[in-house]
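Asks: Okay, predicted coordinates and the sequence, questions at the end:
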Amino acid sequence: MILEQFYDKGLAHGSYAIISNGEMAVVDPARDPQPYLEFAEQYGAKITSIFETHPHADFVSSHLELSKLTGATIYVSQEYGAIYAHKAVMHGTEIKIGDVSIRVLFTPGHSPDSISLLLIDEQGNEHALFSGDTLFVGDVGRPDLRENAGNITATREKLASAMYASTREIIMMLEPDTLVYPAHGAGSLCGKSLSPDLHSTIGRELSSNYALQPMDEPSFIKTLLADQPFMPKYFGYNVELNKNGAPNLQESLDKVARLPEGSVIEAGAIIIDIRPEETFKASHLKGAWNIQEGGKFETWVGSIVAPHNSFYLVGDSSEQLETALFKLSKIGYESFVKGLIVNPSGEKVSLSKISIPDFEAKKSELQIIDVRNQGEYKDKVIFPSAKHIPLPELLDRAGEIDGSKPIVVHCAAGYRSAAAQSILKSLNNELEIYDISDEIKKY
């Protein structure tokens with residue numbers, strides 16, 4: 001038996017391949033099917049089974065495309081509500097993969113339709129649990145993502161109660177030496193305190209995972225619901241896209257317009273400039289937003305821009321833009337990109353950072369906008385006079401800001417404040433708006 005983990009650092013997403021006697025199963029595949037096809041070819045295996053532990057909120061799966069390319073059967077929970085060709089499974093169902101088998105465990109909690117997958121090896125032992133978003137290393141899945149999305153909706157309290165039952169009655173009953181392979185690691189927004197470790201064992205989680213410690217159900221629910229991270233705007237959209245099945249990746253990417261260098265963008269369009277902060281601040285197209293291409297680029301675009309809002313991507317090179325477009329495809333946002341443009345034509349403007357001495361001298365005259373997340377703000381208030389508006393809420397709450405008083409924005413390190421400054425400037429070009437940028441670290 002061969003077991004392989006594929007890990008996407010940007011989305012902190014883990015997917016898996018299991019090969020036995022020439023057959024291969026894929027668990028929770030990412031948007032790009034190519035790595036799984038290449039892995040199967042490398043070992044001379046045929047992909048026969050594809051498992052979705054639930055309709056994912058934070059990334060788009062290639063399950064449908066992989067199935068079309070290989071003829072593999074897609075297995076999902078009978079509660080999933082998939083509209084593509086699939087086989088619905090229930091608790092206890094077993095699927096053979098060569099000389100091993102996958103036993104389905106119904107483990108609702110993160111979502112009403114979550115399953116976990118127990119790998120039974122050639123000797124009949126419980127070898128590994130592919131726990132999806134039910135059990136993470138150091139955490140369990142957040143229960144507040146399915147109140148308004150998916151085939152079945154449920155309140156966060158109801159799902160937290162389901163998670164209590166799933167962990168106590170199923171997960172914690174497994175053999176202590178069973179390996180745990182979750183769908184996410186640290187940095188994912190599907191939980192609140194995930195470990196950077198990418199695998200574990202049931203025994204380790206029983207001893208160290210806060211959610212598996214002795215407590216009654218009301219205490220568990222209260223603990224689980226507290227301090228969950230923000231929910232990006234794209235999460236509900238991804239649940240529906242995964243339930244319906246995403247279009248083939250390359251065909252979808254090919255539909256995006258590659259416009260000539262120097263093209264003019266129509267007035268009023270959303271423009272996302274992916275260049276580094278310093279380059280953007282020196283000169284950029286008036287009205288553009290600076291969401292820099294980097295490790296969490298797709299997450300921030302999907303947190304700021306609501307689904308179905310079209311936008312342009314602009315940058316310094318076609319290679320840079322293609323990389324950004326591919327990252328956006330991982331959350332299904334390639335279909336909202338109106339075009340890629342290198343160095344678009346139009347009126348150029350600049351933005352400024354503010355030095356700490358200048359900031360301190362002008363502090364009483366400025367509106368301070370803190371765009372950090374709720375948890376960061378709760379842990380440490382940097383400026384008591386600041387108005388706290390997390391970056392994902394900035395567009396919706398911009399009306400709360402005084403449009404006649406100069407603004408200074410800050411986050412924790414400079415990435416989000418650069419985006420916030422550019423967004424606020426696009427809404428009020430006449431207003432002075434400064435960015436403390438990475439100088440905020442001195443506080």
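Replies: Happy to help now that I have it.
Asks: Spit out the contact partners of residue 19.
Replies: In this structure, residue 19 makes contact with 1, 2, 3, 4, 40, 43, 45, 97, 98, judged by CB atoms under 8 Å, 6 or more residues apart in numbering. Quick note: C-beta positions are derived from backbone N, CA and C, even for glycine.
Asks: the domain parsing of the chain - what is it?
Replies: In terms of domains, the chain is parsed into 2-239, 247-349, 352-442 (source: automatic domain parsing).
Asks: Would you format those domains as CSV with mean pLDDT included?
Replies: Below are the domains of the chain laid out as CSV (pLDDT from 0 to 100):
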stretch, mean pLDDT
domain 2-239, 96
domain 247-349, 97
domain 352-442, 95
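Asks: from these, which stretch is densest packed?
Replies: domain 2-239 (a mean of 20; mean count of other CB atoms under 10 Å).
Asks: can you give me the end-to-end distance of that one?
Replies: 30 Å (CA to CA, to the nearest Å).
Asks: Check stretch 383-393 too.
Replies: End-to-end distance for stretch 383-393: 19 Å, by CA to CA.
Asks: any residues touching it, and which ones?
Replies: So stretch 383-393 is in contact with 230, 232-233, 300, 303-304, 363, 367-374, 377, 397, 400-401, 410-411, 416, 419-420, 443, going by CB under 8 Å, 6+ apart.
Asks: Please apply the same query to stretch 396-408.
Replies: Contact with stretch 396-408 is made by 354, 359, 362, 365-369, 387, 389, 423-424, 427-428, 431-436, as judged by CB under 8 Å, 6+ apart.
Asks: and with 7 Å instead?
Replies: 354, 359, 365-369, 389, 424, 427-428, 431-434, 436 (CB atoms under 7 Å, 6 or more residues apart in numbering).
Asks: of all those residues, which comes closest to residue 346?
Replies: The shortest approach to residue 346 among those belongs to residue 427, at 17.9 Å (CB to CB).
Asks: Now the closest residue to that closest one other than its chain neighbours: phi and psi?
Replies: Sequence neighbours aside, residue 398 is the residue nearest to residue 427 in space, at 5.5 Å (criterion: CB to CB, 6 or more residues apart in numbering). Backbone torsions of residue 398, given as degrees, to the nearest 10, read phi -60, psi -30.
Asks: can you pull the alpha-carbon coordinates of the helix or strand encompassing residue 338 into PDB?
Replies: Here residue 338 sits within strand 337-342, counting by DSSP states H and E. What follows is strand 337-342, C-alpha atoms only, in PDB (Å, rounded to 0.1, in the frame of the first residue of the first chain):
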ATOM      1  CA  VAL A 337     -12.000  37.800 -13.800                       C
ATOM      2  CA  LYS A 338     -12.900  40.000 -16.700                       C
ATOM      3  CA  GLY A 339      -9.300  40.200 -18.000                       C
ATOM      4  CA  LEU A 340      -5.600  40.100 -17.200                       C
ATOM      5  CA  ILE A 341      -3.700  43.300 -18.200                       C
ATOM      6  CA  VAL A 342       0.000  44.200 -17.900                       C
END
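Asks: Now do it: which elements does it pack against?
Replies: Using 3 or more CB pairs under 7 Å, 6 or more residues apart in numbering; DSSP states H and E, the elements in contact with strand 337-342 are strand 311-315, helix 318-329.
Asks: contacting residues around the residue nearest to residue 297 when sequence neighbours are not counted?
Replies: Of all residues not flanking residue 297 in the chain, residue 327 sits nearest, at 5.2 Å (CB to CB, 6+ apart). Residue 327 makes contact with 10, 297, 298, according to CB under 7 Å, 6+ apart.
Asks: go with 10 Å
Replies: Shown in contact with residue 327 (CB atoms under 10 Å, 6 or more residues apart in numbering): 8, 10-11, 31, 274, 293-299, 301, 333-334.
Asks: Same check on residue 155?
Replies: Residue 155 sits next to 143, 144, 146, 147, 161 when contact means CB under 10 Å, 6+ apart.
Asks: quick one: residue 25 from residue 174, how far?
Replies: Plainly put, residue 25 is 19 Å away from residue 174 if you go by CB to CB, to the nearest Å.
Asks: Much appreciated, bye for now.
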